[in-house]
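Participant: Okay, here's the prediction I keep looking at, along with the sequence it came from:
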Protein chains: 2
Amino acid sequence: MDKVTSLQVAQRAGVSQSAVSRVFTPGASASAKTIAKVRKAAAELGYHPNVLARAMVSGKSRIIGLVVAYLDNQFYPLALERLSNALQAQGYHILIFTAPNSTDGVDEVMNDLMAYQVDGIILASVSISSDLAERARNAGIPVVLFNRAQDDVGLTAVTSANRKGGRLAAEFLLAGGHSRIAHIAGWQGSSTGRDRQAGFLQALDAAGVAPSALVDGMYNRDIAIACTQELLAAARHPDAIFVGNDHMAFAVLDTLRAAGLVAGQDISVVGYDDVPLAAWGAYALTTIRQPVNRMVDTTVTTMLEQITTPATPPRQIEIDGRLIVRSSARIPQGWTQ
Amino acid sequence: MDKVTSLQVAQRAGVSQSAVSRVFTPGASASAKTIAKVRKAAAELGYHPNVLARAMVSGKSRIIGLVVAYLDNQFYPLALERLSNALQAQGYHILIFTAPNSTDGVDEVMNDLMAYQVDGIILASVSISSDLAERARNAGIPVVLFNRAQDDVGLTAVTSANRKGGRLAAEFLLAGGHSRIAHIAGWQGSSTGRDRQAGFLQALDAAGVAPSALVDGMYNRDIAIACTQELLAAARHPDAIFVGNDHMAFAVLDTLRAAGLVAGQDISVVGYDDVPLAAWGAYALTTIRQPVNRMVDTTVTTMLEQITTPATPPRQIEIDGRLIVRSSARIPQGWTQ
DNA sequence: CTGAAAGCGCTTACAG
DNA sequence: CTGAAAGCGCTTACAG
């Protein structure tokens, strides 16, 4: 009727409680007979070791805390799903925390997380105070940033090559013969937003071109719509827009369509992420791919590494993305990947 | 350097370990002086009660296990986010498990979940064997199904009014003057898929109309695309399609567009869910809204109720959705909500 | 209100 | 290989 304990299994199997524990502890030794007796009794009773009790004595909970901010941007559910699968495969599970995207909110959540004795913390697109980073370090809890870099806190971070991606986008637009190129940037409070913009501006600068407009879209759909409307209202509107992520780029495309403009003909749009929706017919968005799979794998690998080898120094890992050409932006003459 | 315990706080504050515990136990009594001393010492040391240890003695982990199958359908990330927020507000957290959508896979995951001593389990769009439901009941762990009903297992289930929704869709299409109405159904292995289809067929039948085609789209984008292509290839293709959920409806709309057909003019499409994307310009999908917020709130409320009052009998709760009219389907003459 | 003590369900030296 | 025992960090009667 209630929770079954190792003691009950021991009694039924006619062995000691320690024997039961050993049978369920990978790497512990028990004779074949003991194993058989214990497994039989356990099956009959429906016994499974209490993970919490195990966690308390071993100091390892096999729980990874994951803090996410935006679940409306398709990139994150995807990352979450893969993160969860990869971690599950290693015997870990994810305790999920949704956070407001303020440093304060995250700090509060981090406290909660530490109270749960998580073995590690993954911060997806969320920033942290250096204070909190320090506390986590002192508590011996590895923290890795996913899709966000932060120099000040000395944490391991996994991102795509955002500066390079920004450059790629600008070069593609330049090669397409565009001269009035605007940028609706990713949130400038985030490293991804800043880096993509920096790469974009750098490539433009190298070509001796000034951006025709530069605004912060805050990774927000409504703001992106408003920005686009404003751009279109200008006397000579841009002939191309590089948008800080796909989520905003879809808003830009919807706004263009509503204005009777055809993306890829009247005006070119390039996004960032390559979420599945970017490939769907309604948008066919040319974009810079963030390799989610490799980002996730790297995140899991480094997390596990840090759990196993606490002395591992923090690293900033960048994964190369590439341009995915579809029809939302003019394709340069003789363009080959 | 390492984890701070209540004993360390006690020593620093000059009180007993029990006193420290009481200060951090809501409802326990301690004098103002004790509270002040303990809080001061705790703050200096950065102490937070170990949730796992507390869970072990109290038998309450304040963890809710959530099993999800599809994160590519925008409906679920949304539900997840709200579920997480609502639960966090009540001091609970979500341990997330992604599951293959086979009963076997889910059963395995359920075992894992019980080992974590979760206080409750929410199954989102996932089925469970009656065997497992039985085991959970015996272990005293409340289980609630979200967006899926299952008569056989006697579990509490929260869904939208799917039959009624199916009827609504059919009636709207009928009122629009369509006569060759096809249905790309939601997965017939799920209650939502079956109920929506049943409601749809019932309304058609009441009007003396036979469906022009009936196929199982399995809630899968690629299958939905293939089905649509097949429907279009027929000599006299349907003039309307009711699709089992929005995720598949987007695929249908993309396929129509690729075939040069305009939804809402050449052919009408109605979806199910009303995910945010349905409102975006590119799709403007007429659809039956599943009220996520209310479904989530109800799920959380009943879960908490079952945790508090274990004797609570299982209930099947249906939340009414309504038709959201956009432009993907012809609007009947003089139509008013 | 407060402290000493038992106990939650495990793992892990320690002897044998 | 196996059992008795200590201990992980807490909460909660039990006395005082």
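Facilitator: Sure, I can see it.

Participant: ok, the residue in chain A that DNA strand D sits nearest to - contacts?
Facilitator: Proximity of chain A to DNA strand D (C-beta to the nearest atom of the strand) peaks at A:S29, 2.8 Å away. For the C-beta atoms, the positions are set from N, CA and C on the backbone; glycine is no exception. Going by C-beta atoms under 8 Å, 6 or more residues apart in numbering or on different chains, A:S29 touches A:R22.

Participant: hang on, it in a helix?
Facilitator: No - membership of A:S29 in a helix is not supported by DSSP: H, G, I helix; E, B strand; the rest coil, which gives coil.

Participant: how many other residues sit next to A:D222?
Facilitator: Other residues near A:D222 number 11, with proximity taken as other C-beta atoms under 10 Å in any protein chain shown.

Participant: That one: which element?
Facilitator: helix A:221-233 (DSSP states H and E).

Participant: Is that helix in proximity to chain B?
Facilitator: No - using C-beta under 8 Å from any C-beta of the partner chain, helix A:221-233 stays clear of chain B, with a minimum separation of 8.5 Å.

Participant: following that helix, which helix or strand comes up?
Facilitator: Immediately after helix A:221-233, counting by DSSP H and E, sits strand A:240-243.

Participant: Grab the nearest non-local neighbour of A:A278.
Facilitator: The shortest distance from A:A278 to any non-neighbouring residue, by C-beta to C-beta, 6 or more residues apart in numbering or on different chains, is to A:L285 (4.0 Å).

Participant: my read: that neighbour touches A:A251, true?
Facilitator: No - between A:L285 and A:A251 there is no contact under C-beta atoms under 8 Å: 11.5 Å.

Participant: Which one of the two is surrounded by more residues?
Facilitator: A:L285 (29 against 24).

Participant: residues in contact with the more buried one?
Facilitator: Contacts of A:L285 (C-beta under 8 Å, 6+ apart): A:D246, A:A249, A:F250, A:L253, A:V269, A:V270, A:G271, A:A278, A:A279, A:R326, A:S328.

Participant: how many other residues sit next to the last one?
Facilitator: Other residues near A:S328 come to 27 when the count uses other C-beta under 10 Å.

Participant: backbone phi and psi for it, please?
Facilitator: Per-residue torsions, A:S328: phi -80, psi -10 (degrees, to the nearest 10).

Participant: Show the model's pLDDT score for it.
Facilitator: What the model reports for A:S328 is a pLDDT of 98.

Participant: Distance check, it against B:G334.
Facilitator: Applying C-beta to C-beta, to the nearest Å, the value for A:S328 to B:G334 is 39 Å.

Participant: Also the first one?
Facilitator: Distance, A:D246 to B:G334, using C-beta to C-beta: 40 Å.

Participant: any idea how far A:F75 lies from DNA strand C?
Facilitator: 38 Å (C-beta to the nearest atom of the strand, to the nearest Å).

Participant: Also A:L145?
Facilitator: Distance from A:L145 to DNA strand C, by C-beta to the nearest atom of the strand: 30 Å.

Participant: and that residue, what does it touch?
Facilitator: A:I122, A:L123, A:I128, A:L155, A:T156, A:A157, A:V158, A:T159.

Participant: mind redoing it with 7 Å?
Facilitator: Residues near A:L145 by C-beta atoms under 7 Å, 6 or more residues apart in numbering or on different chains: A:L123, A:L155, A:A157, A:V158.

Participant: Once you drop chain neighbours, what's closest to it?
Facilitator: In space, A:L145 is closest to A:A157, 4.0 Å off (C-beta to C-beta, 6+ apart).

Participant: ok now do that neighbour, which residues does it touch?
Facilitator: By C-beta under 7 Å, 6+ apart, the neighbours of A:A157 are A:V144, A:L145, A:R148, A:A149, A:Q150, A:Q316, A:I317.

Participant: got it, and A:I128?
Facilitator: Residues in contact with A:I128 (C-beta under 7 Å, 6+ apart) are A:T103, A:V106, A:M110, A:V153.

Participant: repeat that with 6 Å
Facilitator: Neighbouring residues of A:I128 by C-beta atoms under 6 Å, 6 or more residues apart in numbering or on different chains: A:V106.

Participant: Pull out the buried positions in stretch A:313-327.
Facilitator: A:P314, A:I317, A:E318, A:I319, A:G321, A:L323, A:I324, A:V325, A:R326, A:S327 (16 or more other C-beta atoms under 10 Å in any protein chain shown).

Participant: Same question for stretch A:95-102.
Facilitator: So, applying 16+ other C-beta under 10 Å, buried residues of stretch A:95-102: A:L95, A:I96, A:F97, A:T98, A:A99, A:N101.

Participant: any chance of the buried residues of stretch A:313-327 in JSON lines, with distance to B:I223 and secondary structure too?
Facilitator: Below are the buried residues of stretch A:313-327 laid out as JSON lines (distance: C-beta to C-beta, whole Å; DSSP: H, G, I helix; E, B strand; the rest coil):
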{"residue": "A:P314", "distance to B:I223": "45", "secondary structure": "coil"}
{"residue": "A:I317", "distance to B:I223": "37", "secondary structure": "strand"}
{"residue": "A:E318", "distance to B:I223": "37", "secondary structure": "strand"}
{"residue": "A:I319", "distance to B:I223": "32", "secondary structure": "strand"}
{"residue": "A:G321", "distance to B:I223": "30", "secondary structure": "coil"}
{"residue": "A:L323", "distance to B:I223": "30", "secondary structure": "strand"}
{"residue": "A:I324", "distance to B:I223": "24", "secondary structure": "strand"}
{"residue": "A:V325", "distance to B:I223": "27", "secondary structure": "coil"}
{"residue": "A:R326", "distance to B:I223": "23", "secondary structure": "coil"}
{"residue": "A:S327", "distance to B:I223": "25", "secondary structure": "coil"}
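
Participant: a markdown table for these, including distance to DNA strand D?
Facilitator: What follows is those, written out as a markdown table (distance: C-beta to the nearest atom of the strand, whole Å):
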| residue | distance to DNA strand D |
| --- | --- |
| A:P314 | 26 |
| A:I317 | 32 |
| A:E318 | 38 |
| A:I319 | 37 |
| A:G321 | 43 |
| A:L323 | 51 |
| A:I324 | 50 |
| A:V325 | 56 |
| A:R326 | 54 |
| A:S327 | 58 |
